[in-house]
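3D model of this:
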Amino acid sequence: MANKTTAEKLATLQKGYTLEGATIELGAAIVDGELHKDAPVRLPLSMMNRHGLVAGATGTGKTVTLHMMAEQLSTAGVPVFLADIKGDLSGLATAAVGSEKLTARTEGIGQPWQGKTFPVEFLALGGDGNGVPVRATVSSFGPILLSRIMELNDTQESSLQLVFYFADKNGLELIDLKDLRAVIQFLTSDEGKDQLEELGGLSKATAGVILRELVSLEAQGLERFFGEPEFDTAELLRTAPDGRGVITCLELPTLQTKPMLFSTFLMWLLADLFEDLPEAGDLDKPKLVFFLDEAHLLFNDASKAFLEAITTTVRLIRSKGVGIFFVTQTPKDVPAEVLGQLANRVQHALRAFTPEDAKALKATVSTFPLSDYDLEETLTSAGIGEAVITVMNEKGAPTPVALTRLRAPESVMGPSDEALVRSTVAASALLARYGTAVDNPSAFEKLSGKAAAPTGPAADGRVAVPGRAAGDTTDIDAEARRIEEEILGRPSSRPAASGDGTRRSRTEEPRDSMMGDLGGVLGGALGGGLKSMARSIGTQLGRELLRGVFGTSSRRRRR
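From the prediction side, this is the model:
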């Protein structure tokens, strides 16, 4: 490595990045401290479904890298999904204005630059932010992902999977959180508890934990995310009338208070795509490129089942034409099983201020092929907008490691004007379909005996807390108010109970059908003496019956 001349190192990079077919232009190589615009660094468009990693310390330019790659993917007709945590990526809808500094940079790397706008769709989880509201039904979200949000342990997750299985088998639609709450309360009530006796039942202690977590989600305002109309992930695969790929920006301005929801929701999107898309094999360009920002949130304290599901999804979704780029600070944030599947690497600068930083630096260097660079020095001295890159070439081999000065975006590097974002959302074809929440009859209405609810904003339904006496006037809303006040530190906005002490009756029809179904299918097969084995089997039940690798489901897959 030390014996090579600058010319030899340059020739290695030029040969390694001479590619056939369409490419994403990343920038120009820096060799021995000198920028060489005659050594462009590229990524084959056909290899972008081999997944990738964009990493680096805070402030090194990761978001700008996503921005620049998204622009070129859109121009190539590839739809893009971006998690816009800080709101900076809305600038894609506004053309950038040139400057002397920008011109000097683009000319130095040989980039022909022109300010442009791009077709952007703005989404917001449950309407939290400026965007078309995105919702998912509880049933579609599934027990594994929901357990992840509620931070349940393995036993509690198994119990929740059993609840989902019960609801699936008995036509109890889990649309929003009150539906799930109603099913759990039914199963632990005198009317319903016998129906799961052969499977070990659902203990009141576990049900109480799950119910408290559900109330906590409601107190944080997350009930707005669960409901209908459910977002169809096929909307992410659209192209604009001029053939460019639509860039979908999902905004969550309150990420700091809901990090687990955000990261888990992104996996729901991927899981839903995975279940719906057909096998595609090798394509000239991907169907969709998905950028997962703050990727470390996915893996922090994740259960084994959750990690296995992520690994399976990443490994198999490539053949369906979807590329995933994980965005985080260091490769150590990503489990080895997932990291090994990320062929395209864009590593921005790292810091080495502490012993832990130094260990992360050494670990990062070890993940790169041998190169002509002293990577420990290079990664700590790289400037903003520079990155160490290696990607997969068209033959499936890694390209030479190249310190690269990255291209500049052609749209605004920062947020667009709020009025522009709002007008874009108002003009979206998706707004008519997803803009208004509806509350169709589902498990809550069936179990509480209510008449079919009219279409419109979701109602606040109250179901008695399981295990309470029939004359007990304390209902679930009292607990909800207490937990909301504890979490938010202010008086609850929930209405007080009516005080009549009545308990909503449950219709006999669902009860009879449940008894026949579960009793016939499970009771005879398992028997009363096999409860321990049934508990073990219960951990798998939620993944069966039209449920995917994360236990997810979808109405369109049920039809």
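
Any stretches of this protein with poor pLDDT?
1-2, 196-201, 253-257, 450-551, 554-559 (pLDDT under 70).

could you pull out the strands for it?
Listed in chain order, the strands of the chain (DSSP state E) span 23-31, 34-44, 52-55, 80-84, 120-125, 132-134, 247-251, 288-292, 322-328, 344-347, 386-390, 402-406.

do you know which of the ones you listed lies nearest residue 312?
For residue 312, the closest of the strands of the chain is strand 322-328, at 12.7 Å, according to C-beta to C-beta. Heads up, the C-betas are built off the backbone N, CA and C, glycines and all.

which one in this protein is furthest away from the centre?
Residue farthest from the centre of the chain, counting by C-alpha atoms, centre = their mean, is residue 3 at 46.6 Å.

Roughly how far does it sit from residue 232?
Separation of residue 3 from residue 232 (C-beta to C-beta, to the nearest Å) stands at 58 Å.

now do residue 38
The gap separating residue 38 from residue 232 is 46 Å, by C-beta to C-beta.

of these two, who's got more company?
Shown here are residue 38 and residue 232; by other C-beta atoms under 10 Å, residue 232 has more neighbours (16 against 9).

The more buried one and residue 131, how far apart?
Counting by C-beta to C-beta - residue 232 and residue 131 are separated by 16 Å.

Please apply the same query to residue 425.
6 Å.

same question, residue 85
For residue 85, the distance to residue 131 - C-beta to C-beta - is 13 Å.

Those two: which has the busier surroundings?
Between residue 85 and residue 131, counted using other C-beta under 10 Å, the more crowded position is residue 131 (27 against 19).

Hmm, residue 89 and that one touching each other?
No. The pair residue 131 / residue 89 is not scored as a contact, 11.8 Å apart, by C-beta atoms under 8 Å.

Any chance you could list residues touching both of those two?
residue 249 (C-beta atoms under 8 Å, 6 or more residues apart in numbering).

for this protein, which helix is longest?
helix 259-276 (DSSP state H).

Identify each buried residue in that helix, please.
Neighbour-count burial for helix 259-276, counted by 16 or more other C-beta atoms under 10 Å, picks out 259, 261-276.

For residue 141, list the residues it contacts.
Residue 141 touches 226, 268, 552, counting by C-beta under 8 Å, 6+ apart.

Let me know the closest of these to residue 113.
Nearest member of those to residue 113, counting by C-beta to C-beta, is residue 268, at 37.6 Å.

which non-adjacent residue is nearest residue 243?
Spatial nearest neighbour of residue 243, excluding adjacent residues (C-beta to C-beta, 6 or more residues apart in numbering): residue 77 at 5.3 Å.

on that earlier part again, please dump the strands of the chain into CSV; it should also carry distance to residue 12 for every row.
Listed next are the strands of the chain as CSV, based on distance: least, C-beta to C-beta, whole Å:
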stretch, distance to residue 12
strand 23-31, 9
strand 34-44, 9
strand 52-55, 22
strand 80-84, 31
strand 120-125, 39
strand 132-134, 46
strand 247-251, 35
strand 288-292, 28
strand 322-328, 26
strand 344-347, 17
strand 386-390, 12
strand 402-406, 9
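
can you tell which of those strands is closest to residue 421?
Counting by C-beta to C-beta, residue 421 lies closest to strand 120-125 out of the strands of the chain; the figure is 5.9 Å.

In its sheet, which strands sit next to the closest one, and in what direction?
Using DSSP bridges, the strands paired with strand 120-125 are strand 132-134 (parallel), strand 247-251 (parallel).

Would you mind finding the most buried of those strands?
Counting by mean count of other C-beta atoms under 10 Å, strand 247-251 has the highest mean neighbour count of the strands paired with strand 120-125, with a mean of 26.

Identify the residues contacting that strand?
With C-beta under 8 Å, 6+ apart as the test, strand 247-251 has contacts from 70, 74, 79-84, 87, 89-90, 92, 118-125, 129-131, 134, 235-236, 266.

and the angle from that strand to helix 259-276?
150 degrees (axes from the mean of the first three to the mean of the last three C-alpha atoms, to 10 degrees).

Distance from strand 247-251 to the middle of the chain?
On the basis of C-alpha atoms, centre = their mean, to the nearest Å, strand 247-251 sits 12 Å off its chain's mean C-alpha point.

i'd like the first residue to be 36 from this point on
All set: I'll call the first residue 36, so the last point we hit is now strand 282-286.

then that strand to CSV, C-alphas only?
The C-alpha trace of strand 282-286 is given here as CSV (Å, rounded to 0.1, in the frame of the first residue of the first chain):
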residue,chain,number,x,y,z
ILE,A,282,-40.1,10.9,-3.5
THR,A,283,-42.2,10.2,-0.4
CYS,A,284,-41.1,12.1,2.7
LEU,A,285,-42.5,10.9,6.0
GLU,A,286,-42.4,13.5,8.6
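
and residue 322, what does it touch?
If you count contacts by C-beta under 8 Å, 6+ apart, residue 322 has them with 113-114, 272, 312, 315, 355-357.

please redo it, this time with the cut-off set to 10 Å
Counting by C-beta atoms under 10 Å, 6 or more residues apart in numbering, residue 322 makes contact with 84, 113-114, 271-272, 280, 308, 312, 315, 355-358.

Just the closest of the residues you listed to residue 237, please.
Ranked by distance to residue 237 (C-beta to C-beta), these are led by residue 308 at 32.1 Å.

quick one, what contacts that closest one?
116, 268-269, 271-272, 322-323, 325, 348, 352, 355-357.

tell me the angle the longest helix of the chain makes with strand 115-119.
170 degrees.

shouldn't residue 133 be in contact with residue 150?
Yes. The pair residue 133 / residue 150 is scored as a contact, 6.6 Å apart, by C-beta atoms under 10 Å.

Which neighbours do those two have in common?
Joint contacts of residue 133 and residue 150 (C-beta under 10 Å, 6+ apart) are residue 445.

shouldn't residue 475 be in contact with residue 208?
Yes. Residue 475 lies in contact with residue 208 (C-beta under 10 Å); the separation is 7.9 Å.

Just want to know which of these two has more residues nearby.
residue 208 (20 against 16).

Contacts only, for the nearest residue to the more buried one once chain neighbours are set aside.
Nearest residue to residue 208 in three dimensions, chain neighbours excluded: residue 477, at 4.0 Å (C-beta to C-beta, 6+ apart). Applying C-beta under 10 Å, 6+ apart, we find residue 477 in contact with 172-174, 202, 207-211, 213-215, 217, 262-263, 487-488.

Buried subset of those, written for ChimeraX?
What follows is the ChimeraX syntax selecting those of those that are buried according to 16+ other C-beta under 10 Å:
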select :172,173,174,202,207,208,209,210,211,213,214,215,217,262,263,488
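
before we move on, back to that, so for residue 475 and residue 208, which residues contact both of them?
Taking C-beta under 10 Å, 6+ apart as the contact rule, residue 475 and residue 208 both touch residue 263.

Quick check: the nearest residue to residue 187 once chain neighbours are set aside vs residue 380, distance?
In space, and not counting its chain neighbours, residue 187 is closest to residue 195: 6.5 Å by C-beta to C-beta, 6+ apart. From residue 195 across to residue 380, the span is 37 Å (C-beta to C-beta).
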